[in-house]
Each structure stands twice: as structure tokens, then as C-alpha cells.
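Student: have a look; sequence and predicted model below, questions after that.
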Amino acid sequence: MKTYLLCLLACFSMQFASAQKNDIQTDTILVQGNCNQCKSRIEDAAYVKGVKHAVWNKETQELIVTYRPSKTNNETIQKNVAANGHRTEKYDAVEKAYQKLPECCQYKTNNTKH
């Protein structure tokens, strides 16, 4: 009986672990920015609840984000990035937030002087 219960517990644990692995998604989102300050801001903005990993590439303008779809989604991540002043593929930057960006981060002007 003890062996049966241990086997049952082990099977349940394996199913639970595999269910958690299936609850991970990785997306690539185009996000406009200019510099390393932008990189920091974009990545920080992408870290909403449920996001496990976020990396923005200045050259490709791509944000690669890994998250749990049960806790957040692509749209929520993009809205938060846009709210912090950076245009995404679905959402324009919130103008008030964009105007507060340092001059080197204002990607609409292509001015990257630091």
C-alpha cells in the first residue's frame, strides 16, 4: 500500500511539473527605441506579473519576452511598454510618457546623442 501511494504521488508530481512547462510562451514584439537607456526602460516595462524573461535588441528593435499565458498576455505587455513611452507593433507610445523620455531616447527624431 505504501509503495502504491508513493507511485501515485510520483505520477501526480510529474503531471504537475509537465503542466507548468506547457504554461510558458515566448513572443517577439517590435518595439521602437534608440539606446541602452531605452533597453532598460523597455525591459523593465515588459516585466508585468507573469513575465519570466524580457530582452530588447537595439539593432533589430525586437523584444523577446517569455511569460505565463495564465497570468498575462502579449497585449498587456505591449500596453505597458507603450505606457512607458515606446511604440510597439500594436500600440503607439503614450504621448505624455514619450515627451518625458530623455532626448537620446526620443526615437521619432532619431537623435541618439548622449
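Tutor: Done, it's in. Since the structure is predicted, the reported quantities are computational estimates derived from the model, not experimental observations.
Student: all strands for this protein, in order.
Tutor: 25-30, 51-57, 62-67 (DSSP state E).
Student: pick the most deeply packed of those.
Tutor: strand 62-67 (a mean of 20; mean count of other Cβ atoms under 10 Å). No exception for glycine: its C-beta is placed from N, CA and C like everyone else's.
Student: hey, what's D27 bridged with?
Tutor: Bridge pairing for D27 (DSSP bridges) gives the partners V65.
Student: distance of it from A46?
Tutor: Here D27 is placed at a distance of 10 Å from A46 (Cβ to Cβ, to the nearest Å).
Student: what segments of this structure are helices?
Tutor: Along the chain, the segments classed as helices by DSSP state H run 2-21, 36-46, 74-83, 95-99.
Student: which of these has the lowest mean pLDDT?
Tutor: Least confident of these, judged by mean pLDDT, is helix 2-21 with a mean of 54.
Student: can you tell me the closest non-neighbouring residue to N73?
Tutor: Y67 (7.8 Å; Cβ to Cβ, 6 or more residues apart in numbering).
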